[in-house]
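J.: Predicted structure and sequence below. I'll ask about it afterward.
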Amino acid sequence: MADVVFTAVQKRYGAVEIIPGLDLTIPDGSFTVLVGPSGCGKSTLLRMIAGLEEVSGGSIHIGGEDVTTRDPSQRGIAMVFQSYALYPHMSVADNIGFGLKLSDMPKAEIATRVQDAADTLQLTHLLDRKPKQLSGGQRQRVAIGRAIVRKPKVFLFDEPLSNLDAALRAQMRVELAELHSRIGATMVYVTHDQVEAMTMADRIVVLKDGHIEQAGAPMELYRKPATPFVAGFIGSPKMNFITGEEARKLGGDTVGIRPEHLRITADAQWQVTVRHVEHLGSETLIYVTSDSLGPLTIKTEGDIGIDPGQQVRVGYDSADLHRFKSGARAEVYT
C-alpha cells in the first residue's frame, strides 16, 4: 500500500494546458474517487499516475518514491479499464494469471495467486470457463482479478462500470467497496457518475477544468459544498439554485437548496406551479416553477396527490440554504 502525491503537476498538449498545476495527496489505503464532467482532467490524472501520460511539469510520488519518469511497470500500480480486454481463447484462470506468466513467475506461485484472487472475487467456480461464457459483471471481476494478482501498491480504475447495465453497476459498486474493505489497498477510481462516487468513496476529489474544486469525505461535500459547481454536481437530484433578486433577499448572489429540503405546506413561503410529477414508488419528484424563482425540483417520500398545473406553496428552513457570493466560496453551510 502507498499514498499518491501530486506536486505542482502540469499537463500540456502543445500550447493547450489541460492540468495547470495541481497539488493533491491521495492517502494510503483510501478509496479515492476522482469525479467531474467530461474534459475535467480526471482520466488524464489517472493515466499520469499509471505512467501512460507524460507529466509536463511537477512530480508524482507513490509511497514516497518519485515515479514521475518511471515506466508503468516500475510504479507498483495495476489498472482496470472500462474495457475488460480479456483474451477470448483463454480460461478465466489463464486470463488472471497471464501477466504473471509473462514475468516468468514460478507456476506454483501463479496458481496460488490466481486461486487467492478467485476466492476474493467469488470466481473459483468459473476458473475453467472462457470469457464468452461469463456475464458482464463476471468479466469485470476477472479484469479486477488480473490486477489483484500483481499485488500492486495502488489500484487504478478508469470508469470500469460504464459498460454494465444499471442493475450490474449497483451490484459491482457493492462488490468493489467490499473488496477495498477486505484488502485495504489504495484505490483511485475515475468516474463522471456522482452516485458511484458517493456510494463507494471514502474521499472524493471534484475536478473542473483541471482544477480541484473540493476534496473531502462524501457527506462533507454533500453537506458543505465549497462552490456552486460542487453543490450542483454532488447529490441526486442535483441542488436547486436561485439567482437574481430572490437570491439577494436570501443573502447570496446564488442560493442553493436541495430537493429533499423543500416541503409543500399550505403556509409555506413561495407559491409555485407544478410542471411535472414523477412517481418513483418510495419517493416522488415534483418539478415546479415560478417567475421569481425559476424551475425547482422537490423530492418527497412516498406518493403524493399533486397534478401538473396545480398551484402549491413550497417552504424551506433557513439552515438548509447554501449561500454563495459571486467568485467566492460558500458563506453559509447546512
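T.: Thanks, I have it. Numbers count the residues shown, from 1 in each chain.

J.: and the spatially closest residue to residue 326 that is not a sequence neighbour, how many residues sit next to it?
T.: Nearest non-adjacent residue to residue 326, counting by C-beta to C-beta, 6 or more residues apart in numbering: residue 253, 4.4 Å away. Quick note: C-beta positions are derived from backbone N, CA and C, even for glycine. Using other C-beta atoms under 10 Å, residue 253 is surrounded by 15 other residues.

J.: my read: residue 253 touches residue 246, true?
T.: No: if you go by C-beta atoms under 8 Å, residue 253 and residue 246 don't touch, sitting 11.4 Å apart.

J.: ok so, going back, show me the residues around the residue nearest to residue 326 that make contact.
T.: Residue 253 is in contact with 243, 247, 324-326, counting by C-beta atoms under 8 Å, 6 or more residues apart in numbering.

J.: quick one: residue 248 and residue 324, what's the gap?
T.: 12 Å (C-beta to C-beta, to the nearest Å).

J.: rewinding a little: counting only strands, which of the contacts of residue 253 make the cut?
T.: Counting by DSSP state E, the contacts of residue 253 place 243, 324 in strands.

J.: farthest-separated two in the contacts of residue 253?
T.: Longest distance between any two of the contacts of residue 253 is 12.2 Å, between 243 and 325; criterion C-beta to C-beta.

J.: re the thing from before, who's more crowded, residue 248 and residue 324?
T.: More crowded of residue 248 and residue 324, by other C-beta under 10 Å: residue 324, with 24 against 13.

J.: the more surrounded of residue 243 and residue 325?
T.: residue 243 (16 against 12).

J.: The more buried one touches residue 256, doesn't it?
T.: No: at 10.1 Å, residue 243 does not count as touching residue 256 under the criterion of C-beta under 8 Å.

J.: tell me the contacts of the residue most central in space within the chain?
T.: Of all residues in the chain, the one closest to the mean position by C-alpha atoms, centre = their mean is residue 197, 3.0 Å from it. For residue 197, the contact set (C-beta under 8 Å, 6+ apart) comprises 33, 35, 191, 204, 218, 234.

J.: Secondary structure and neighbour count added to these, as JSON lines?
T.: Listed next are those as JSON lines, based on DSSP: H, G, I helix; E, B strand; the rest coil; neighbours: other C-beta atoms under 10 Å:
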{"residue": "33", "secondary structure": "strand", "neighbour count": "26"}
{"residue": "35", "secondary structure": "strand", "neighbour count": "25"}
{"residue": "191", "secondary structure": "strand", "neighbour count": "22"}
{"residue": "204", "secondary structure": "strand", "neighbour count": "27"}
{"residue": "218", "secondary structure": "helix", "neighbour count": "18"}
{"residue": "234", "secondary structure": "coil", "neighbour count": "25"}
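
J.: any low-confidence regions in this protein?
T.: 1, 327-334 (pLDDT under 70).

J.: Break it into its domains for me.
T.: 4-226, 237-332 (automatic domain parsing).

J.: which one of these is the most hemmed in?
T.: Among the domains of the chain, domain 4-226 has the highest mean neighbour count (mean count of other C-beta atoms under 10 Å), at a mean of 18.
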